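A.B. asks: Kindly generate the corresponding structure for this input.
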Amino acid sequence: MTTSFAFAFLPPGVFMILFILVLIFSLYAQFKVSSTYNKNAEIPSRGGITGREAAEAVMAQAGIDDVAIEETDGHLTDHYNPMSKTLVLSSENYRGTSLAALGVAAHEAGHAIQHKQGYAMLHLRMALVPATQIVSTILPFVILASWFFIRGLTGVILDVAIICYAVLTLFQLITLPVEFDASRRAKEKLVGLGILARDEMPGVNATLNAAALTYVAAFVSALLNLLYLLSRRE
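C.D. replies: Numbering: from 1, shown residues only. Coordinates of the predicted model:
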């Protein structure tokens with residue numbers, strides 16, 4: 001029996017071409033976010049407010065007083081942890097006063113606002129975190145196991161791989177509106193609170209838009225892997 005009918009029309013080697021294109025896009029997204037961040041990290045905000053102070057102001061305006069803001073090492077390791085209600089900023093953004101620092105800090109504060117207001121997509125992503133962690137642990141063993149079989153990904157191994165990538169694809173899909181919405185909130189708050197003037201926003205917009213590309217690339221990559229595995233089913 002041939003491969004799944006849905007993919008039977010695809011010429012041989014088409015997935016290889018798509019994988020190469022997605023890889024190029026992913027590398028471009030990483031380069032874009034790094035270069036854009038570095039560029040705007042060199043542009044100080046006129047107000048001189050730090051990333052920590054910006055995140056604090058954004059959350060305070062939304063009535064959030066139970067989220068701790070912490071500093072961490074690393075480059076672009078910023079994140080919001082809804083389980084512990086902790087907003088973590090890398091040192092460069094925690095202490096920095098640049099357009100990039102304020103944009104990233106406000107973006108993470110946007111997640112805290114989503115959490116407080118019960119933003120449905122954030123809660124759905126939170127619900128998927130345990131399943132995502134499980135499949136991320138299983139997937140390397142599935143790939144390793146496929147190397148020990150002549151036919152590679154077949155039978156039960158293939159089905160498990162499909163389930164893993166289905167979960168990852170769904171998680172990445174839900175992540176898109178969560179991240180886009182957080183950036184939208186960040187841009188509105190930075191101007192609305194007077195932290196940045198409108199003529200300073202292009203640097204923030206460029207930084208957050210570049211970061212969005214990495215989430216799009218992650219989704220496209222997971223989806224392509226899922227479609228490829230589905231095409232392998234007999």
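
A.B. asks: in this structure, which spans are strands?
C.D. replies: In the chain, the segments counted as strands under DSSP state E are 68-72, 79-81, 86-90.

A.B. asks: For the chain, spot the helix or strand the model is least confident about on average.
C.D. replies: Least confident helix or strand, the chain: helix 120-146 with a mean of 91, by mean pLDDT, DSSP states H and E.

A.B. asks: Now that one: buried residues?
C.D. replies: Residues 121-122, 125, 128, 132, 135, 139, 142, 146 are the ones in helix 120-146 that count as buried (16 or more other Cβ atoms under 10 Å). C-beta here means a position set from N, CA and C on the backbone, and glycine is covered the same way.

A.B. asks: picking that back up, can you say which of the strands of the chain is packed in most?
C.D. replies: Using mean count of other Cβ atoms under 10 Å, the stretch among the strands of the chain with the largest mean neighbour count is strand 86-90, at a mean of 21.

A.B. asks: same for that strand, what does it pack against?
C.D. replies: Here strand 86-90 touches helix 51-61, strand 68-72, strand 79-81, helix 99-117, going by 3 or more Cβ pairs under 8 Å, 6 or more residues apart in numbering; DSSP states H and E.

A.B. asks: The closest residue to residue 204 other than its chain neighbours: what's it in contact with?
C.D. replies: Distances taken as Cβ to Cβ, 6 or more residues apart in numbering place residue 103 nearest to residue 204, at 3.8 Å, with adjacent residues excluded. Going by Cβ atoms under 8 Å, 6 or more residues apart in numbering, residue 103 touches 40, 186, 190, 203-205, 207-208.

A.B. asks: what does residue 175 give?
C.D. replies: Contacts for residue 175 (Cβ under 8 Å, 6+ apart) come out as 125, 215, 218-219.

A.B. asks: What separation do you get for it and residue 122?
C.D. replies: 10 Å (Cβ to Cβ, to the nearest Å).

A.B. asks: Ok, residue 66 next?
C.D. replies: Going from residue 66 to residue 122 by Cβ to Cβ gives 16 Å.

A.B. asks: Low-confidence bits of the chain, can you list those?
C.D. replies: 1-12, 146-154, 234 (pLDDT under 70).

A.B. asks: Check the gap between residue 83 and residue 55 for me.
C.D. replies: Distance of residue 83 to residue 55, computed by Cβ to Cβ: 18 Å.
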